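Colleague: This is a predicted model, with the sequence first.
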Amino acid sequence: MSWRRALLILLIVSLAGASPAFAKKKKSAGVMVDSLVATVDNETISIEDVQVERDILSRTNIWFSQPQPPANPTEKDAFNEMITRSLLYNQARKMGFTEVPDDELETMLEKFRATFTSREEYTTWLENYDLRDEDVKQTAKDLKEFRSIHRCFFRCLIIEKYLTKKIDIQVKLGLPTYLADHEAELRQKNPQATAEELKSLAEKELYNQKLKDHIAELKSRSNVVILRDRYN
């Protein structure tokens, strides 16, 4: 298990039982033109999508756009994360990453469900956002029109698998040089760290740098259109 996967799982577990950080907001069925805030190639993002994403991020702390998750994510934070995920997910699919094991998806979903105080609170949250969880009983009459919560976590796992192949190889090859070039700086910032701890810090720094560069590259050759000034 990579340190990133372990961190993702740890963050979700640590938030189990947490109360909602944001007010629930009802999302109307369908996407109205005046609710669109951006497009990424052929994918649309609405203000309702951003609100849902913000709530999910507050519960999971699973971020790809920021190495240090914000304590209180704003709508703009969530918006930037959605842009990043769209770019990474689309590229992952192009590279053939289209499947994840059912047990991995279910494990991540169950940890997310555990961030609610009860199953009733969870189902209420789902229906307030017009979401459905195929493994949880819900009573909404128009359930078939709701979006699947599975999609969010499926995309997270696809992105994680893609980055493991794409970025991990670059980090493995570049780590000796990076560590040699930055060891003195790392030692100054972390005087009590062991050699192994310094190596781990260098690995994380290099990974974050490579990921940031890759996201910038994907954005430069994608058609990202931001339709609301407040998200620029």
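Modeller: Alright, I've got the coordinates.
Colleague: going forward, measure contacts between C-alpha atoms and count neighbours the same way
Modeller: Fine.
Colleague: Helices along the chain, start to end?
Modeller: With helices called from DSSP state H, the chain shows them at 3-14, 47-60, 75-94, 102-113, 119-128, 150-189, 195-220.
Colleague: Could you dump those into JSON lines and include distance to Ser35 and mean pLDDT?
Modeller: Formatted as JSON lines, the helices of the chain follow (distance: least, Cα to Cα, whole Å; pLDDT from 0 to 100):
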{"stretch": "helix 3-14", "distance to Ser35": "30", "mean pLDDT": "47"}
{"stretch": "helix 47-60", "distance to Ser35": "6", "mean pLDDT": "92"}
{"stretch": "helix 75-94", "distance to Ser35": "13", "mean pLDDT": "96"}
{"stretch": "helix 102-113", "distance to Ser35": "27", "mean pLDDT": "94"}
{"stretch": "helix 119-128", "distance to Ser35": "17", "mean pLDDT": "92"}
{"stretch": "helix 150-189", "distance to Ser35": "20", "mean pLDDT": "95"}
{"stretch": "helix 195-220", "distance to Ser35": "23", "mean pLDDT": "96"}
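Colleague: ok, now which ones touch Glu133?
Modeller: In this structure residue 133 is Asp, not Glu. 126, 148-150 (Cα atoms under 8 Å, 6 or more residues apart in numbering).
Colleague: between these, which is nearest Leu88?
Modeller: Leu88 has its nearest neighbour among the contacts of Asp133 in His150, at 17.7 Å by Cα to Cα.
Colleague: and Met130, how many residues sit next to it?
Modeller: One thing to correct before we go on: residue 130 is Asp, not Met. Neighbours of Asp130 under the rule other Cα atoms under 10 Å: 24.
Colleague: what's the spacing between the closest residue to it other than its chain neighbours and Phe112?
Modeller: Distance criterion Cα to Cα, 6 or more residues apart in numbering; nearest residue to Asp130, sequence neighbours excluded, is Phe146 at 5.0 Å. Relative to Phe112, Phe146 is positioned 19 Å away (Cα to Cα, to the nearest Å).
Colleague: What of Ile83?
Modeller: Look at Ile83 and Phe112: by Cα to Cα, they are 22 Å apart.
Colleague: Could you do Leu201 as well?
Modeller: Counting by Cα to Cα, the gap between Leu201 and Phe112 amounts to 28 Å.
Colleague: Among the two, which residue is more densely surrounded?
Modeller: Per other Cα under 10 Å, whichever of Leu201 and Phe112 has more neighbours is Phe112, with 21 against 17.
Colleague: pretty sure the more buried one contacts Leu57?
Modeller: No - the pair Phe112 / Leu57 is not scored as a contact, 10.4 Å apart, by Cα atoms under 8 Å.
Colleague: Neighbour-wise, which one of the contacts of Asp133 leads?
Modeller: Leu126 leads the contacts of Asp133 on contacts (other Cα under 10 Å) with 22 neighbours.
Colleague: How about it, nearest residue that isn't a chain neighbour?
Modeller: Closest residue to Leu126 apart from its sequence neighbours, by Cα to Cα, 6+ apart: Arg132 at 6.0 Å.
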